[in-house]
Each structure stands twice: as C-alpha cells, then as structure tokens.
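> quick one, structure for this:
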Amino acid sequence: RQNIAQSVDWKNMTWRQMNKIRMVQTPGDHNALGRIRVLMQNDFNIYLHDTPQKELFGKVDRTLSSGCIRMEDPERVARFILKHNKDWSPRDVNKIIQTDKTTEIEAAQKLPVYIVYQTVWQNDKGHIVYGPDVYKRDKKLIQALKEQGALPQPTES
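Reported below is the predicted structural model:
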C-alpha cells in the first residue's frame, strides 16, 4: 500500500484542498483513540475512548483532550456496556481487540451518560474547593442565575 501522505505537498495545501481529504487512523496500539471507543448519541460528537497515553491518568490536570473523554479502563467499560447482549461473554472483548480491526457492536441495552462539569465542589474534609473554569462556562451560569434571581451572588475579589 502506497503512503499517500508522503506524496502530498502539505506546506502549500489550501484549507479548501484539506477539507476534501479524508484521513483515517488505522486501529491498533498506535491509534490516538486507543483500542476501544464508545459512541453515545449526542449533538456534539463526544464519545468515550481508550488512549495509548496511559501516563495521562497520573496527571493532576487532565484537561488534555480534544473534546472526547478518555477511559482509564476501557475493557471494563466495554464489558459493562455489552453484558446485556445475548451470546456475549467478557472474553469476546479481548478477542475483538486482538484482531486489530474496527468492529462496531451495538449495545442491547441503551445506557444514559451524563457529563457533569463542576468548578466548585466539597472535598472529603468538608471544605469548599474552587477549581479552574477551564471551559469558561461559569460566567454564563452566573449570569443565568443572576437573571433568575436564584442565588445571592458573591463579589469577585
């Protein structure tokens, strides 16, 4: 198979030309999405996926994604999601992964996934923790609360 990427003049390519190219990363250990991807119905094309960069789970700041959510134990998640499928066993996940081929399996039972973004929480000692607003959503929330008269607003210092 010819490596087409080496035959392209990337430096002189326009955005229009770039948008006509379809790039697909083959499955396997080198794939940025890892070996397992869990698609969810949503309007934002967000899904759960494995990663070959397991060291990222040891970092304190984990806002390193391009929008999707990395799973630390994707095999366990896949087994949990697929356990209601007929004629399915936990070993089937491992067999499919070993093939290095893309295989789509629909879950027999749909599971809702809720993504909660919190910048303030209570730690295990009962103290309020103010985290960074990395996605810049607090301002919009504070404005909506002000408009509703829902909560007294603290002043910024």
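
> chain center to stretch 84-98: distance?
Mean-position distance between stretch 84-98 and its chain equals 22 Å (C-alpha atoms, centre = their mean, to the nearest Å).

> contacts for that stretch next, please.
Here stretch 84-98 makes contact (C-beta atoms under 8 Å, 6 or more residues apart in numbering) with 35-36, 75, 78-79, 82-83, 103, 105, 107-109. (Each C-beta comes from the backbone N, C-alpha and C, glycine too.)

> and for stretch 109-123?
Counting by C-beta under 8 Å, 6+ apart, 40, 46, 48, 69, 81, 84, 128-133, 135, 137-138 sit against stretch 109-123.

> run the last query once more with 6 Å
Residues from elsewhere that reach stretch 109-123 (C-beta atoms under 6 Å, 6 or more residues apart in numbering): 40, 84, 129-131, 133, 138.

> now do stretch 63-83
36, 46-51, 56-57, 88, 90, 93, 107, 134.

> stretch 11-26 now?
Under C-beta under 6 Å, 6+ apart, the answer for stretch 11-26 is N31.

> roughly how far is the helix of greatest length in the chain from the heart of the chain?
Ranked by residue count and defined by DSSP state H, the top helix of the chain is helix 138-148. With C-alpha atoms, centre = their mean as the basis, helix 138-148 stands 27 Å off its chain's centre.

> what residues of that helix count as buried?
By neighbour count with 16 or more other C-beta atoms under 10 Å, helix 138-148 contains no buried residues.

> much appreciated, bye for now.
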